[in-house]
Structure formats: structure tokens, C-alpha cells
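>>> pasting a predicted model and its sequence here:
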Amino acid sequence: MAAVPPPRTSARPSIPGALRASAVDFFYNSWRLVPANLAWGVGFVAIALLGLSAPLLGLALVPLLALPTVGLFRIAALIARGEPVSLSDGFAAWRAYLGPALAAGIAITVALVVAGWDLAAGITSDAMIGWALGTLAAWGLILVAGLALAFWPLLVDPARADRPVRERIRLAGLLVVAFPARVVALVIVLAAVFVVSFVAFAALLTISVAYSALVACRWVLPAADRLEARLAMPDRVNEGR
């Protein structure tokens with residue numbers, strides 16, 4: 001069976017370029033993105049308030065945030081690909097990607113809880129092994145965040161709609177391995193956006209998650225396209241022999 005050719009793109013991805021393009025995207029698509037971000041924000045606040053009285057139940061419900069998250073990334077991916085887009089595309093993604101989104105939400109939540117627990121244990125320890133554990137946990141948190149930022153755009157990419165989910169997971173991993181410094185930089189930049197958003201909480205509820213999804217899609221999708229094209233080159237050379 002012939003390999004599926006990667007989507008074509010001429011854009012060279014850069015984080016500053018993704019930040020600028022996403023600001024323009026948000027300006028012209030705010031009437032779609034703000035309601036979708038607000039749906040995420042309502043879910044976040046509801047789970048956070050529940051967690052104050054029932055921490056374990058609140059934690060168990062955190063993976064449900066994957067549904068509004070996948071909706072936001074679907075809208076962002078369609079915008080990044082220049083496809084027709086509407087607010088309904090975001091809500092339709094809740095149903096279309098229900099299984100993969102919830103599985104990803106559970107996996108990400110468990111990984112963050114484990115790494116966060118190890119980090120807390122490490123930084124409060126007086127032993128050298130505790131500090132080493134904390135350092136590994138910190139890198140684990142960055143790795144989980146990087147994989148998540150790579151996975152969500154690829155999951156909802158309209159150019160890869162016919163690909164198996166496992167192939168998109170593999171590509172997300174390859175992207176992190178191929179561009180570790182850039183992925184870490186992207187994680188740091190978007191983490192800074194979230195820190196600022198928590199200070200101006202209204203921004204978190206209406207803007208920040210949507211903007212972060214746009215930035216991730218604007219960088220991840222062209223980076224993945226170029227990586228796939230590079231990986232496909234040996235196969236094309238062999239076919240030409």
C-alpha cells in the first residue's frame with residue numbers, strides 16, 4: 001500500500017510568526033472563538049468550584065475539559081488551514097472526537113498528577129535523591145505539556161482526517177523528538193500566557209485558551225507537514241530507483 005503523502009505547506013513555522021498570525025486570526029474570528037473559549041471557561045470554573053468541596057470528584061471530572069478543548073482546537077485548526085469554519089464546528093467536534101478526546105484527557109490528567117506529585121515531593125525533600133526526582137518530574141511536566149500541544153492540533157487537523165489516531169499520536173511524538181527546543185519554547189510561551197490570564201481571570205475565560213490553540217495550530221501543523229515531507233524523502237528516493 002502506498003504511503004499517504006503529507007499535506008503540502010510552504011510556511012516555515014516559527015513561534016514569533018505563530019504568535020503574530022494567531023493575533024490576526026483571533027481578531028477576525030473572535031465571534032467564533034470567544035463563545036468556544038467561554039464554554040471551556042464555564043467547565044473549568046464548575047470543576048474548580050466542585051473541587052473545593054469534593055477534591056477527588058473534581059479531579060475525576062478534569063478529563064471532561066478535553067471536550068471543550070478539542071472544540072477549540074478544531075476551530076483553530078480549520079482557521080490555520082484556511083478552511084471554512086463556524087462556531088458549530090467546535091461543538092460538532094465534541095461528538096466527532098469524543099473517544100480520542102476523553103482518552104487523551106484522562107492520560108494527560110494522570111500524567112500531570114503523577115509528575116506534579118513527584119515534583120512536590122522532590123522540592124520538599126532534604127535528600128539529594130529527592131531533588132533528582134523533582135528535576136525529573138519537572139521535565140516530565142514539560143514533556144507532557146509538549147506532547148499535548150502537539151497532539152491536539154494533529155488530532156483535529158482537517159488535512160489528516162483520514163489518518164488513524166495512533167498515527168497522529170506517533171507524529172506528535174516525532175515532532176517533540178525532532179524539535180525539542182522549539183517545543184519547550186512553545187510550552188514556556190503558552191504557560192506565560194496562562195499565568196497572565198490567571199491574574200486577569202476574565203481573559204482565561206474568554207480569550208487565552210482559544211489564542212493558545214491558535215498559536216499551537218499555527219506552529220504544529222506546518223512543522224508536522226515539513227517533518228513528514230522530510231521523513232518521506234528516503235521512500236521517494238527508493239521508489240525512483
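All right, it came through fine. Because the structure is predicted, anything quoted here is derived from the model rather than measured. Residues are numbered from 1 along each chain as shown.
>>> every contact and neighbour count from this point should use C-alpha atoms.
Fine.
>>> how far away is the residue most central in space within the chain from Trp131?
Centroid check for the chain by C-alpha atoms, centre = their mean gives Leu149 as the closest residue, at 2.7 Å. Distance, Leu149 to Trp131, by C-alpha to C-alpha, to the nearest Å: 27 Å.
>>> how much space separates the residue lying closest to the residue nearest to the centre of the chain once chain neighbours are set aside from Gly105?
Distance criterion C-alpha to C-alpha, 6 or more residues apart in numbering; nearest residue to Leu149, sequence neighbours excluded, is Ala216 at 6.2 Å. From Ala216 over to Gly105 the distance is 17 Å, taken as C-alpha to C-alpha.
>>> what does Trp131 give?
Distance from Trp131 to Gly105, by C-alpha to C-alpha: 29 Å.
>>> on that earlier part again, next up, the contacts around the residue nearest to Leu149.
18, 149-150, 153, 186 (C-alpha atoms under 8 Å, 6 or more residues apart in numbering).
>>> can you tell me the element it falls in?
Using DSSP states H and E, Ala216 maps to helix 209-239.
>>> got it, and Phe198?
Counting by DSSP H and E, Phe198 is found in helix 180-199.
>>> now the strands: where do they sit in this protein?
Using DSSP state E, no strands are found in the chain.
>>> output the contacting helices and strands for the longest helix along the chain.
Counting residues, the longest helix found in the chain (DSSP state H) is helix 15-53. When contacts are defined as 3 or more C-alpha pairs under 8 Å, 6 or more residues apart in numbering; DSSP states H and E, helix 15-53 packs onto helix 55-61, helix 66-80, helix 87-96, helix 209-239.
>>> how about a cut-off of 7 Å?
Contacts defined by 3 or more C-alpha pairs under 7 Å, 6 or more residues apart in numbering; DSSP states H and E place helix 15-53 against helix 55-61, helix 66-80, helix 209-239.
>>> tell me which of Trp131 and Gly105 has more neighbours.
Neighbours were tallied for Trp131 and for Gly105 using other C-alpha atoms under 10 Å; the higher tally belongs to Gly105 (22 against 19).
>>> tell me, how many residues neighbour the closest residue to the more buried one other than its chain neighbours?
Nearest non-adjacent residue to Gly105, counting by C-alpha to C-alpha, 6+ apart: Pro63, 4.3 Å away. Look at Pro63: counted by other C-alpha under 10 Å, it has 19 neighbours.
>>> is it correct that Pro63 is in contact with Ile106?
Yes. Between Pro63 and Ile106 there is a contact at 5.1 Å, judged by C-alpha atoms under 7 Å.
>>> what about stretch 126-142, average pLDDT?
Stretch 126-142 shows a mean pLDDT of 84.
>>> and it, what's buried?
If you call a residue buried by 16 or more other C-alpha atoms under 10 Å, then stretch 126-142 has these buried ones: 130-131, 133-138, 140-142.
>>> correct me, but Arg32 touches Leu87?
Yes. With contacts counted by C-alpha under 7 Å, Arg32 reaches Leu87, the gap being 4.9 Å.
>>> wait, what's in contact with Leu221?
By C-alpha atoms under 7 Å, 6 or more residues apart in numbering, the contact set of Leu221 is 153-154.
>>> so where is this structure shaky, pLDDT-wise?
Within the chain, the ranges that satisfy pLDDT under 70 run 1-11, 234-241.
>>> nothing else from me, thank you.
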